[in-house]
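*Asks:* structure, please.
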Amino acid sequence: MESNKIIKSPFVKEFMIFSRDGKCIYHIDFDDLSINNKVLDVNVNKKLENRHKIIAGLLFSLKNFMKDIPEKQKDYLKSFSTSQYKLHFQEFINGLKFVIISIPTKVEYSGLLREMFK
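*Replies:* All right, here's what the predicted structure looks like:
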């Protein structure tokens with residue numbers, strides 16, 4: 001996947017894909033291109049592995065949180081932001097989770113994530 005050709009925005013910092021079991025299977029950091037899919041070997045970079053685990057845990061927690069939200073409102077939580085970043089995510093029926101981390105803007109990337117999967 002040529003995600004750097006698909007995501008052409010100065011606001012996007014990182015793109016990740018997580019498997020059904022929460023393992024990061026693809027990661028590219030547009031600020032640091034040394035972090036790409038080639039360095040996902042957990043023995044190579046423990047700090048990156050821990051970061052992936054935190055993000056996967058966050059996605060798992062958000063999914064559980066959404067179980068308590070009424071059905072008609074469930075489609076609204078596709079991103080959240082802090083003062084430092086905005087995390088956009090989309091989970092697909094096969095369990096893959098696409099994640100974009102961007103600077104905090106009003107731009108919404110959830111639609112782009114759905115289009116990338118098609």
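*Asks:* what mean pLDDT does stretch 26-36 have?
*Replies:* For stretch 26-36, the mean pLDDT works out to 74.
*Asks:* ok, stretch 55-68 next?
*Replies:* 85.
*Asks:* give me the buried stretch members for that stretch, please.
*Replies:* By neighbour count with 16 or more other CB atoms under 10 Å, stretch 55-68 contains the buried residues 55-56, 59. Just so you know, the C-beta spots here come from the backbone N, C-alpha and C atoms, and that holds for glycine as well.
*Asks:* residue 82: which of the residues you listed is nearest?
*Replies:* Of all those, residue 82 sits closest to residue 55, with 13.3 Å by CB to CB.
*Asks:* where do the helices sit along this structure?
*Replies:* 3-6, 46-66, 110-117 (DSSP state H).
*Asks:* in the protein, mark out all the strands, start to finish.
*Replies:* Secondary structure of the chain (DSSP state E): strands located at 12-18, 24-29, 79-81, 86-91, 97-102.
*Asks:* how about JSON lines for those, with mean neighbour count and distance to residue 51 added?
*Replies:* Formatted as JSON lines, the strands of the chain follow (neighbours: other CB atoms under 10 Å; distance: least, CB to CB, whole Å):
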{"stretch": "strand 12-18", "mean neighbour count": "22", "distance to residue 51": "10"}
{"stretch": "strand 24-29", "mean neighbour count": "18", "distance to residue 51": "9"}
{"stretch": "strand 79-81", "mean neighbour count": "15", "distance to residue 51": "17"}
{"stretch": "strand 86-91", "mean neighbour count": "21", "distance to residue 51": "12"}
{"stretch": "strand 97-102", "mean neighbour count": "23", "distance to residue 51": "10"}
